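Novice: I'll drop the sequence and a predicted model, then ask my questions.
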There are 2 protein chains.
Amino acid sequence: MAHSAKPGEFELIARFLAPLSATEPGAFMLTDDAAVIAPRDGHRLVLTTDTLISGVHFLDDTQPAYIAAKSLRVNLSDLASMGADPDCYLLTLSLPAGADGGWDAVWLDAFSQALMIEQQIFGVVLVGGDTVSTPGPLSVSVTALGHVPDGVWATRSGARPGDIVMVSGTIGDAALGLAALQGALEGIGDAEREVLVERHHRPQPRIAFGRRVAGLVHAMIDVSDGLVQDLGHICETSAVGATIMAERVPLSPAARSVVEARPELMQAVLGGGDDYELLFTLASGDRDAAYAIGRELDLPLSEIGRIEDASFDASMGGSGVVVLDGAGDAITLEHGGWRHF
Amino acid sequence: MAHSAKPGEFELIARFLAPLSATEPGAFMLTDDAAVIAPRDGHRLVLTTDTLISGVHFLDDTQPAYIAAKSLRVNLSDLASMGADPDCYLLTLSLPAGADGGWDAVWLDAFSQALMIEQQIFGVVLVGGDTVSTPGPLSVSVTALGHVPDGVWATRSGARPGDIVMVSGTIGDAALGLAALQGALEGIGDAEREVLVERHHRPQPRIAFGRRVAGLVHAMIDVSDGLVQDLGHICETSAVGATIMAERVPLSPAARSVVEARPELMQAVLGGGDDYELLFTLASGDRDAAYAIGRELDLPLSEIGRIEDASFDASMGGSGVVVLDGAGDAITLEHGGWRHF
């Protein structure tokens, strides 16, 4: 078969995508109309889908390996936030028509090789998808399937007044990494830049932690729209308010050095998205149990605030979440967080 | 809440999409990161996804109700071709940014109301999705989930030399309907035009028939790329060849009247896609059993050809499928069928 610069649909599937499905017989090497998968006894299915569009969700010049990694990881993070383990995924590639669509066989090779590595890291397999030509930008859509034991999953809706608010890992790296890519962080050191950009491109879904902590939390979400906005989603769904203490929000050494030089960037840390850490609320009496799970996974946790009753929000005139500085004064966020439109 | 002409992301989901999920508690009214669904004991999951892009898969001026119907139905047809019953679906809307993106609250209202009707017709429910802004064209992506009993499903890969080839319903209506919409069928009667265009917009997935016949067939596919090309997919996956007798291909009265007036349109019938009938092969001894299932569902079936061994194709110098006219001579197709690119 000719290795053309732009393979046709059927060659594309056979050459670049079918190998990603080889370990799942029910994917039929992507030659059939649908996949046939055995569910797990005693478990629920967990389903999520996210689309990333060039120029909207990633910069136009992003390397295909990063696009592959992020497309899969943002979906796995959604599964993690429910406490689910991932099993398989479907992939829809919308590829620009025309000679200069920003993709070719070399692009597809890098993209599919990166997906193969991602599959090994996360123990998932491609089971289906669609490949279409578009007059629009390149976009990658993933639907991920996972499982949770019957009765043991987390949602956004169970937060209760008096709960403590905790978050895994560090916050703000991805937003600062994006700012660095956009040339907005002049003077940043090379090492810091590299750490932050890598966190933007290849977020780590907290799957093992999500699964372990799901039975303990009252509400959980992954930080994808921004810390404050995502806590706001929990508040809205749970009909509660919340306080965050800005000084307790965990920063990586790289983010801390950037924010110390330019304190106004704390806005990006609190409002920017894409960290894909887990944000959750639980009874204060379960704090130690959560920290113990974190220790078993080498994952630092931070207690950053508490859940208030719903009237708290209204009395503050805010959007459900109040961020307090070290002096106990409310911080106003210029940018509430990511919205698609 | 203001009924703006273009609702923001969260209003859009709450107002137009969440009501479509109301009957499935595990969809959490679309407020969570993922859906949690109970699988059926003794069944396999069946998964498929298809994306329709404005200007590529449907004409730019297509009404939102038709876009909604077709987006769902093409996916349900993929489930039908495996012999699966549908359960639920995820929906990704990529909506053009800017003032004149071709959508607004009125568009969304018509789109979501049509989906509600489709859900009632097919017994499915929305359980999740994604809503994104795009600089490209409007596109609608559906991932559909269904189930089959353990061990009873159809694929494309089991066709055997000597099998007969059968197809449900009528072929070519959708391709002729598209031609009518594109102004290529001057002089066609209003009644014929209406029938053909409706079949293009709202194909009927053969779910009940697919489920009933799945245990009988050797190979099955839905006609989405075109009769000849889709039979070619069966041949390729099954490593066989096939013959179709053109005169046996079932035409609706509307299609027959169009083709009688312009015989060259038989090319569109054989090569055009989008009929979403089921095309299947089975042992000739099971012919009567298939017809009996068709009668129980008021669905006419037609025997249109037979499966040959793989060397047949090579000796004819063709692509796996040979179409014979009434005199037994091979017909050359100008257009092999739909390819995405």
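Specialist: It's in.
Novice: wait, what's in contact with the closest residue to chain B within chain A?
Specialist: Distances between chain A and chain B by Cβ to the nearest Cβ are smallest at residue A:136, namely 1.6 Å. (C-beta placed from N, C-alpha, C; glycine too.) Residues near residue A:136 by Cβ atoms under 8 Å, 6 or more residues apart in numbering or on different chains: A:94, A:96, B:53, B:94, B:134-137, B:139.
Novice: any chance of the residues you listed in TSV, plus secondary structure?
Specialist: Below are the contacts of residue A:136 laid out as TSV (DSSP: H, G, I helix; E, B strand; the rest coil):
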residue	secondary structure
A:94	strand
A:96	strand
B:53	strand
B:94	strand
B:134	strand
B:135	coil
B:136	coil
B:137	coil
B:139	strand
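Novice: now the strands: where do they sit in the stretch 201-341 of chain A?
Specialist: For the stretch 201-341 of chain A, strands defined by DSSP state E, counting those that start in this stretch occupy the ranges A:219-222, A:241-245, A:278-282, A:301-308, A:321-324, A:330-331.
Novice: Just checking: what are the partner strands of the longest one?
Specialist: Take DSSP bridges as the rule and strand A:301-308 pairs in its sheet with strand A:164-168 (antiparallel), strand A:241-245 (antiparallel).
Novice: Buried deepest among these, which one?
Specialist: The highest average neighbour count among the strands paired with strand A:301-308, using mean count of other Cβ atoms under 10 Å in any protein chain shown, belongs to strand A:164-168 at a mean of 24.
Novice: Which is the succeeding secondary structure element to that strand?
Specialist: Per DSSP states H and E, the first helix or strand lying C-terminal to strand A:164-168 is helix A:173-181.
Novice: Need the nearest residue in space to residue A:136, chain neighbours excluded.
Specialist: residue B:136 (1.6 Å; Cβ to Cβ, 6 or more residues apart in numbering or on different chains).
Novice: and if you look at residue A:157?
Specialist: residue A:237 (4.4 Å).
Novice: which residue ranges form the helices in the stretch 1-150 of chain A?
Specialist: A:9-12, A:64-82, A:105-122 (DSSP state H, counting those that start in this stretch).
Novice: most tightly surrounded among these?
Specialist: helix A:64-82 (a mean of 26).
Novice: now that helix against strand A:164-168, angle please.
Specialist: Helix A:64-82 and strand A:164-168 are oriented at 150 degrees to each other (axes from the mean of the first three to the mean of the last three Cα atoms, to 10 degrees).
Novice: helices or strands next to helix A:64-82 in the packing?
Specialist: strand A:43-53, strand A:85-96, helix A:105-122, strand A:139-149, helix A:190-201, helix A:207-213, strand A:219-222 (3 or more Cβ pairs under 8 Å, 6 or more residues apart in numbering or on different chains; DSSP states H and E).
Novice: The ones you listed: which one's closest to residue B:213?
Specialist: If you check each of these against residue B:213 by Cβ to Cβ, strand A:85-96 wins as the nearest, at 25.7 Å.
Novice: ok, and does stretch A:123-132 reach over to chain B?
Specialist: Yes: against chain B, stretch A:123-132 shows contacts by Cβ under 8 Å from any Cβ of the partner chain at A:127-132.
Novice: which residues does residue A:95 bridge with?
Specialist: The partner residues for residue A:95, given DSSP bridges, come to residue A:133.
Novice: That one and residue A:101, how far apart?
Specialist: Here residue A:95 is placed at a distance of 6 Å from residue A:101 (Cβ to Cβ, to the nearest Å).
Novice: Touching both of these two, which residues are there?
Specialist: The contact lists of residue A:95 and residue A:101 share residue A:138, where a contact means Cβ under 8 Å, 6+ apart.
Novice: For the two, work out which one has more neighbours and name it.
Specialist: Neighbour totals were compared for residue A:95 and residue A:101, and residue A:95 leads with 23 against 17 (other Cβ atoms under 10 Å in any protein chain shown).
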